[in-house]
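Trainee: missing the sequence, but the structure's below:
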C-alpha cells in the first residue's frame, strides 16, 4: 500500500483563493520531503525541498510567497498555493525520503489542481 | 551542469516486441538512478533503482535496466511488451539531496 499519501487528489478552486495540499508519510518519519509540479505532457519539475523544522529551499524561479511550504512534523508537509491563478493549474506531487542516504524515496499519488 | 536526458520523446512498439528506453545522465559522481512509470492522470510507480553493485537491475513488471558507467547511461529494457505497458516513462537521478527527472518517453503499444 501507499507509504506516502497526498490529499486532496483533485481540487478545483476559484482564481484568487488559496488551496492547501497535504503530503503525509504514513509509516515512517521523513526529515525531507520534496514538492514537484508537472504540467500536462511534461516532466516533473522540482519546486522545493521541505525540511522538518526549518524553512523550505526553493528552486530558482519558484515564488516562495506564492507556494508556501510548511513541514510542521516529521510526517506532514503542506503546500499552499496562495492567490491561485489558472496558470497554477497543474499536477503536484510530493515525495518523502525515509533516510538520508536516499535509499528509500517514496512518491505520493499526486494532486490535480484546477483553478477556474 | 547536471542533467538527465531521455533522447526519445515518443516510441511506438508492437505488442510482444522488445522495448528499450534510453537514459543518459551528467553528474559529478554516480548518482542514484531510477526508472518510474506514469499512466495518464496517475502518480509515479517505481520500476527499479540502482545504487551500487550489480549493474544489471531487475525491476517489476518484467523490466530491467543496465547501468553503464563508461557511457553514463541507465537504459531500461523489456523483452516483450504488453498493451498495459503503454505509459510515460521517466528516468530520474537522486544526488546531493535532490531528485531530477528526465523529460520522459511516451510509449505507445500497437496490436
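Mentor: In hand now; what should we look at? It should be emphasised that the depicted structure is a prediction, and the values quoted were computed from it without experimental measurement.
Trainee: Which strand residues bridge the closest residue to residue A:36 other than its chain neighbours?
Mentor: With Cβ to Cβ, 6 or more residues apart in numbering or on different chains as the criterion, residue A:36 has its nearest non-adjacent residue at 4.2 Å, and that residue is residue A:44. To be clear about C-beta, it is placed using only N, CA and C from the backbone, and glycine gets the same treatment. Per DSSP bridges, the residues bridged to residue A:44 are residue A:38.
Trainee: For chain B, which helix or strand comes out least confident on mean pLDDT?
Mentor: strand B:98-101 (a mean of 83; mean pLDDT, DSSP states H and E).
Trainee: list the contacts for residue B:111?
Mentor: Contact analysis of residue B:111 by Cβ atoms under 8 Å, 6 or more residues apart in numbering or on different chains lists B:14-15, B:83.
Trainee: host element of the residue nearest the centre of chain A?
Mentor: Geometric centre of chain A, nearest residue: residue A:35, 3.7 Å, by Cα atoms, centre = their mean. Applying DSSP states H and E as the criterion places residue A:35 in strand A:32-38.
Trainee: same deal with residue A:50?
Mentor: Here residue A:50 is assigned to strand A:44-51, by DSSP H and E.
Trainee: gap between whatever helix or strand comes next after that strand and the chain center?
Mentor: Next helix or strand after strand A:44-51 toward the C-terminus (DSSP H and E): strand A:57-58. Distance, stretch centre to chain centre, for strand A:57-58: 12 Å (Cα atoms, centre = their mean, to the nearest Å).
Trainee: which neighbours does strand A:57-58 have in its sheet, and in what orientation?
Mentor: With DSSP bridges as the test, strand A:57-58 pairs up with strand A:44-51 (antiparallel).
Trainee: quick one: contacts of the strand it pairs with?
Mentor: A:31-38, A:56-59, A:62, A:64, A:67, A:69-71, A:77, A:79, A:93, B:44, B:90, B:97-101.
Trainee: Can you give me the neighbour number for residue B:32?
Mentor: 17 (other Cβ atoms under 10 Å in any protein chain shown).
Trainee: Parallel or antiparallel, list what pairs with the helix or strand of chain A with the lowest mean pLDDT.
Mentor: Every helix and strand in chain A was compared by mean pLDDT, DSSP H and E; the lowest is strand A:105-107, with a mean of 85. Partners of strand A:105-107 in the sheet, by DSSP bridges, are strand A:90-97 (antiparallel).
Trainee: Give me the contact list for the strand it pairs with.
Mentor: So strand A:90-97 is contacted by A:3-4, A:6, A:21, A:23, A:25, A:28, A:30-40, A:44, A:77, A:79, A:104-108, A:110-113, B:43-44, B:99 (Cβ under 8 Å, 6+ apart).
Trainee: Give me every residue in chain B lying close to chain A.
Mentor: Applying Cβ under 8 Å from any Cβ of the partner chain, we find that chain B lies next to chain A at B:32, B:34, B:36, B:41-44, B:46, B:51, B:90, B:94, B:97-104.
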